[in-house]
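Visitor: give me a model of this one.
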Amino acid sequence: MFIDACAARTTGSVTWRLRSGGADTRSITAGEPLYLRDREAWEERSISAESAPFAPAAAPALAAV
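Guide: Predicted coordinates:
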């Protein structure tokens, strides 16, 4: 399912060399390539988005009596 979701918006081809214990990327081709220019910022946003459902709930506000 993960590969299908990623591949749905991607065109081109990737070639791997499969070996015991791993795979080596040999080539990547795309008609309209997209580039990740700021990987650090992308990773921070990605981790935040993935973690959002697990963030602790805000403390309830105390009511004045």
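Visitor: secondary structure element for the residue positioned nearest the centre of the chain?
Guide: Centroid-nearest residue in the chain: residue 46, 6.1 Å away (criterion: C-alpha atoms, centre = their mean). Secondary structure here is read from DSSP states H and E; on that basis residue 46 sits in helix 39-51.
Visitor: return the set of buried residues in that helix.
Guide: Of the residues in helix 39-51, none has enough neighbours to count as buried (16 or more other C-beta atoms under 10 Å). Just so you know, the C-beta spots here come from the backbone N, C-alpha and C atoms, and that holds for glycine as well.
Visitor: CA atoms only: put that helix into PDB for me.
Guide: Output in PDB follows, covering the C-alpha atoms of helix 39-51 (Å, rounded to 0.1, in the frame of the first residue of the first chain):
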ATOM      1  CA  ARG A  39      15.900  17.900   3.600                       C
ATOM      2  CA  GLU A  40      16.200  19.000   7.300                       C
ATOM      3  CA  ALA A  41      13.100  21.100   7.100                       C
ATOM      4  CA  TRP A  42      11.300  18.400   5.200                       C
ATOM      5  CA  GLU A  43      12.200  15.800   7.900                       C
ATOM      6  CA  GLU A  44      11.000  18.100  10.700                       C
ATOM      7  CA  ARG A  45       7.700  18.700   8.900                       C
ATOM      8  CA  SER A  46       7.300  15.000   8.100                       C
ATOM      9  CA  ILE A  47       8.000  13.900  11.700                       C
ATOM     10  CA  SER A  48       5.600  16.600  13.100                       C
ATOM     11  CA  ALA A  49       2.800  15.500  10.800                       C
ATOM     12  CA  GLU A  50       3.300  11.800  11.600                       C
ATOM     13  CA  SER A  51       3.500  12.500  15.400                       C
END
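Visitor: please compute how far it lies from its chain's middle.
Guide: Its chain's C-alpha centre lies 8 Å from the corresponding centre of helix 39-51 when counted by C-alpha atoms, centre = their mean, to the nearest Å.
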